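Q: give me a 3D structure for the following:
(chains A, B and C)
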Amino acid sequence: MRRNNLKKNTLHELLMANNVLKMAKENKRIDGRDFLDYRPIKIEPNVIEKPDASARVMLGDTFIIVGINFEIGTPFSDSPDKGILITEGEVLPTASFGAEAGPPSEEEIEISRVVDRSIRESGVVDLSELVIVPGEKVLKMFVDFNIFNDDGNIVDAAVLGTVAALLTGKMPDPKYIAEHIDEIDKISLKEVPRVPIPVKDIPISTTLALIGDKFYVDPNYVEESVAEALITITHTKNDEICAVQLYEGALGYEQVFEALNISLNKSREIRDILLSMVKNESTETNE
Amino acid sequence: MKRVIALPGVSIHKGPAQKVDEKIIRDARGYVPSLVGVAQISGKSIDLIPYKDIYRPVKGDYVVGVVVGYAPNGWFIDIGSFVKAFLPAADVLNKRFDPRKDELSRYYKIGDVVGLYVSEVRRLGNILVTVKDVKKTKDKRLGKLTDYYIIKVWSTKLPRIIGKKGSMIKLLKEKLGGDLLIAQNGVILYKGPYEKFMVLNKIIALITAKTFATGLTEYVNDLINKMLEVNLDKKDEKEGDD
Amino acid sequence: MPKKEKKNEKVDEFIRPDGRKYDELRPYKIRAHILKNADGSAEIRLGGNWIIAAVYGPKEHFPKFEISQDRAILNCRYHMNPYSTSERKSPKPSRREIELSKVIRNALTQSVILDDFPEMSIDVFIEVAQAEGSTRVASITAASVALADAGIPMRDMVVGCSAGKYNGHIILDVGEIEDKEGEADLPIAIMPNLRKVVLLQMDGKMTHEEFKKAFDLALKGAMQLYEEQLNALKNILESMSTLGEGEINEKK
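A: Got it, this is the predicted structure:
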């Protein structure tokens, strides 16, 4: 995602990259993890009260907040019977030395779109249930995620946070709005009764970095910076693939299927962790 | 000697003082630290041990940096200070650099880790480094470094990692063996087994997190023994499984 | 004298939308050093406000033609996250955010000893994760702790607090409802040891007498928050001075 721009790395990151490459030859990782291990995951739903849904995710030292807001909008003409999903992600300038303030970069837009696809294509939210009046009024769902500290693998953290927020958040009841459609200009959306968000699936993305012919699951910032290839694969709860992105580099034909298999196995494991944390609202995994 | 917490803007001493750390301001409020840290007041001198401070290179410092760019006649090296340092090509080639014949990347490539001496600091924005053994001590690794594991800490943490009269570093060398080297810009080099490096890594993290604690050396001694025991046990188990 | 006491009693009885007394701050907590990558960082929670500040630098300034040859440049960005307000906020910086970035930069610049770092720049990034009134002064309070955490030399801390007028009463630490429905809002930031005001804005209408009252009240609140700033920094130094049994178990 952010390769070979040495001006944007600190000396610390450059030296750690050297460790990653040295240890790759010794079949080790810099933090002592196994190649297939995730870092500790901590998911806290409802960290913020203002939006309709929210969650904070800590994936190792990667720290991200997701907020979801609903607004009333007009459906797209090619899908009059569907609500609208908009996903926007920003790597805040607080996130790393190399992160910059300003309009979203190519990478930030790419990341947002991968998170968007993971959510949209899995059908996690049944958009047809967001319709108020077909062809005229629908709910518009904004998923906003911000990276406060970037220690790699932003996408997996963002998908986890989005799903956790959806599972625990509430949305304004489209039926209520439909019944009061004549007063639509007078009612404040915040006063509309809330209903659970219609969640149909639990998509899980898993990101792998290829370094020296070996896949590193859940790569950290430095591992990402030296990766020869970087790929995200998202699975639905029925083990279907619903989003794939090869951010950069090249994979051998066989490596594609190796990555798919690793990803499938990890997605089942991470889904269990997510569900256990959302149930208890906030707990921590063991390493 | 009196040790007090130093906080920016909070006066720590009102009476007269002669030798005062440059990070302490003198004004109507008395002696006022400009940084967070611990101040030591003894007799008429006031010292400030800052909690964090960027590395300020001094001529003669041994540093470890990374090559980040080529200039027409040398390399730009990141040594973790304000600006990139400059390594003249002539120093490495040991002769006049001829851009028509000599190709810089044949010597050092971008991303290479290099051991260096600071040869000149003209002002903040102009730092020269060299790979020549200007000190002739022969105990520093100069030029390209390939086989080392590396740890980077704030350079203000180094006095604790070295310890009083070198007690901490001596302890670490004794317990971990291998080749352990400290560069003044906060880089720690280690050549030895991975398992021992991981122990070192955790110990350094502890020392940097507990900079102002007393009795750190004894504490680290106990901890390192326990960690090495656990490590050896693990190794035995693995060998048993095989 | 009795007359005055009576007046005070009346003021004490007055209950604000969130149940506070006129001179009461919302619950607050400041923590330093909360982000791993930044050179310095801090967060503040003040009522429902949750603000995170990060500092990077001093570092080489780009572009080169903009450098200042005798002192460092302090950059500052105040930014509200899309989910920080009741209605979704566009991530694009608004005119309000640009103005606040500027006045916050001025406030922090007064304290930082910039002459120590010619040709360098220091970046301060403020992210409002949740806003509930008086974010600009809370932002300054957090940013100053983040600068101290980054080891940037400063003459004094900078701490901010607001006062205002709501339903005819002068109040401390203006909350969201009071900000929307109140008559006036007076955010200030000070360097408490140097006794200087470094941010001073007012919005609304107050008499000179009310202004003086509000100003004194804001000063009082700022001094309380200043203690909390020092506590946040002391907590770090203390954790660096104590060896707990916890570490050994953890490291195993």
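Q: does stretch B:83-91 come close to chain C?
A: Yes. Stretch B:83-91 reaches chain C (Cβ under 8 Å from any Cβ of the partner chain) through B:83-84. Placement of C-beta: from N, CA and C, glycine included.
Q: surely A:Ser54 is within a strand?
A: Yes. Under DSSP: H, G, I helix; E, B strand; the rest coil, A:Ser54 sits within a strand.
Q: measure it to B:Tyr149 for me?
A: 41 Å (Cβ to Cβ, to the nearest Å).
Q: what of C:Val197?
A: Taken as Cβ to Cβ, the span from C:Val197 to B:Tyr149 is 52 Å.
Q: now do B:Thr208
A: Here the distance between B:Thr208 and B:Tyr149 works out to 17 Å (Cβ to Cβ).
Q: out of those two, which sits in the busier spot?
A: B:Tyr149 (23 against 18; other Cβ atoms under 10 Å in any protein chain shown).
Q: the more buried one touches A:Asn19, doesn't it?
A: Yes. Using Cβ atoms under 8 Å, B:Tyr149 makes contact with A:Asn19 at a distance of 6.0 Å.
Q: which neighbours do the two share?
A: Contact criterion Cβ atoms under 8 Å, 6 or more residues apart in numbering or on different chains; residues shared by B:Tyr149 and A:Asn19: none found.
Q: just for the chain, where's the confidence low?
A: Went with chain A since none was named. A:1-7, A:280-287 (pLDDT under 70).
Q: oops, I was thinking of chain B
A: Looking at chain B by pLDDT under 70, you get B:123-125, B:231-242.
Q: pull up the residues of the stretch 51-200 of chain C that are close to chain A.
A: Counting by Cβ under 8 Å from any Cβ, the stretch 51-200 of chain C comes close to chain A at C:52-54, C:56, C:59, C:77, C:79, C:81-88, C:91-92, C:123, C:125, C:127, C:129-131.
Q: near chain B too, which of the residues you listed?
A: C:Lys59.
Q: in helices only, show me the residues of the stretch 51-200 of chain C next to chain A.
A: Counting by DSSP state H, no part of those is found in helices.
Q: just the ones of the residues of the stretch 51-200 of chain C next to chain A in strands?
A: Per DSSP state E, strands hold the following members of those: C:52-54, C:56, C:59, C:77, C:79, C:123, C:125, C:127, C:129-130.
Q: skipping its backbone neighbours, what lies nearest C:Tyr226 in space?
A: C:Val159 (4.4 Å; Cβ to Cβ, 6 or more residues apart in numbering or on different chains).
Q: strands of chain A, residue ranges please.
A: Going by DSSP E, chain A shows strands at A:41-45, A:53-59, A:62-73, A:84-91, A:131-133, A:137-149, A:170-172, A:194-196, A:204-211, A:214-217, A:229-235, A:241-248, A:283-284.
Q: point me to the residue of chain C nearest chain A.
A: Per Cβ to the nearest Cβ, C:Tyr83 is where chain C lies closest to chain A, at 2.3 Å.
Q: and for that residue, nearest residue in space, chain neighbours not counted?
A: A:Gly67 is the one closest to C:Tyr83 (Cβ to Cβ, 6+ apart), at 2.3 Å.
Q: which residues of chain A lie near chain B?
A: Residues of chain A lying near chain B (Cβ under 8 Å from any Cβ): A:6-7, A:10-12, A:14-19, A:22-23, A:26, A:28, A:32.
Q: buried subset of the residues you listed, written for PyMOL?
A: The PyMOL selection below is limited to those of the residues of chain A next to chain B classed as buried (16 or more other Cβ atoms under 10 Å in any protein chain shown):
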select buried, chain A and resi 6+10+11+12+14+15+16+17+18+19+22+23+28
